[in-house]
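Participant: Give me coordinates for this.
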Amino acid sequence: MNAKDEREEQLVLELLDAVGRKSDVSQRHLAGELGVALGLANSYLKRCIRKGFIKISEAPANRYLYYLTPKGFTEKSRLTAKYLSSSLAFYRKAAESCSAVYSDCREKGWNRVLLCGLSDLAEIAVLRAADAQIEIVGIYDPHTERRRFAGKTVWRDLADAEAHDACVLTDLNAPLISHQHLIERVEPERVMVPGVLGIGASGGASDRTGRTGTGDGPRSAGNRGERRGLNLRGLRRIRAAPDIARENVRFHCAKLCFAWR
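Facilitator: As a prediction, the model looks like this:
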């Protein structure tokens, strides 16, 4: 299965989960749950209805109610089992990568970190930060409609983010391109890349701690006037490198694994 198919299955699972928890949910609320644009949420909802996963009925005040069908419950169970089966291995590798990055940050005296990219990796990074005595100031992602994620503030414009010492790349959709755009706007040495992303020489060789070897020279990380939002429109349609871990790790599963560390 390619990256596009995996991403589609992730969205279908999240949609079925949202409808299963609340039938009188609006499409706008669904878009917020999925972290996608309203039009895309509507498209996936119609697809699930056509496949017989969800049924719809009218309610007063021109509203609609959505219900999971028996076929929908079966599909939700199948997708959940599929992703949970690989989530433990992904969590362990991601947790180790985040811990290594945070260790490097502490050595440099960087205690305030901005995560870049809403993803399961970002959720794991938030969990690991507490043990590492690292403060996550928030998350930057120009594509999401969410305003909070994993208990942290989300900014769509990099210039709006709180002051921070370093950026940690947590985008699982197009990390190579996100990394390149990020190092063009902040000091390259302050862009940390967890090893789980598997970014090689094309994106800046990364060692165990996540240090990268790209960039011609330092840019002032504190110059907020140079911090513009990344022009990454359409990145979610671009396939990431095949060696990048893309398993969908639900937050409750990450918390369960966290207890085993």
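Participant: which stretches of the stretch 1-150 of the chain have low pLDDT?
Facilitator: When residues are selected by pLDDT under 70, those of the stretch 1-150 of the chain lie in 1-3, 85.
Participant: Kindly apply the preceding question to the stretch 151-261 of the chain instead.
Facilitator: Using pLDDT under 70, the stretch 151-261 of the chain drops low at 200-261.
Participant: how about 90 then?
Facilitator: For the stretch 151-261 of the chain, the stretches with pLDDT under 90 are 173-174, 177, 181, 198-261.
Participant: contact partners of stretch 137-152?
Facilitator: 31-32, 35-38, 112-118, 122-123, 126, 136, 153-158, 161-164, 167, 170-171, 229-230, 232, 235-236, 251 (Cβ atoms under 8 Å, 6 or more residues apart in numbering). From N, CA and C alone the C-beta is placed, and that goes for glycine too.
Participant: Over to it now: how far is its first residue from its last?
Facilitator: In stretch 137-152, first residue to last residue: 7 Å (Cα to Cα, to the nearest Å).
Participant: next one: stretch 45-60
Facilitator: End-to-end for stretch 45-60, by Cα to Cα: 20 Å.
Participant: Figure out how far it is from the centre of its chain.
Facilitator: 27 Å (Cα atoms, centre = their mean, to the nearest Å).
Participant: got a list of contacts for that stretch?
Facilitator: 12, 15-16, 19, 24, 27, 30, 64-69, 71-72, 75-76.
Participant: on that earlier part again, in helices only, show me the contacts of stretch 137-152.
Facilitator: Those of these mapping onto helices are 31, 32, 38, 122, 123, 126, 251, per DSSP state H.
Participant: Pick out the most distant pair among those.
Facilitator: Across these, no pair lies farther apart than 38 and 126, at 26.5 Å, counting by Cβ to Cβ.
Participant: So if I had to pick from those two, which one is more boxed in?
Facilitator: Neighbour count, other Cβ atoms under 10 Å: between residue 38 and residue 126, residue 126 has more, with 21 against 14.
Participant: Just list the residues touching that one, thanks.
Facilitator: Contacts of residue 126 by Cβ under 8 Å, 6+ apart are 115, 136, 150, 151, 152.
Participant: What about the residues you listed, which are in strands?
Facilitator: Counting by DSSP state E, the contacts of residue 126 place 115, 136, 152 in strands.
Participant: Let's see if you can find the most crowded of those residues.
Facilitator: That'd be residue 115 among the ones in strands among the contacts of residue 126, by other Cβ under 10 Å, with 30 neighbours.
Participant: Settle this for me: it is touching residue 166, isn't it.
Facilitator: No. At 10.3 Å, residue 115 does not count as touching residue 166 under the criterion of Cβ atoms under 8 Å.
Participant: Tell me how many other residues crowd residue 186.
Facilitator: Residue 186: 24 neighbours (other Cβ under 10 Å).
Participant: An error on my part: the question was meant for residue 131.
Facilitator: So residue 131, with other Cβ under 10 Å, has 13 neighbours.
Participant: Give me the nearest residue to it, chain neighbours excluded.
Facilitator: For residue 131, ignoring the flanking residues on the chain, the nearest one in space by Cβ to Cβ, 6 or more residues apart in numbering is residue 99 at 7.7 Å.
Participant: Could you pull out the buried residues of the host helix or strand of the one you found?
Facilitator: Element membership of residue 99, judged by DSSP states H and E, is helix 70-108. Neighbour-count burial for helix 70-108 flags 72, 75-76, 79-80, 82-83, 87, 90-91, 93-102, 104-105 (criterion: 16 or more other Cβ atoms under 10 Å).
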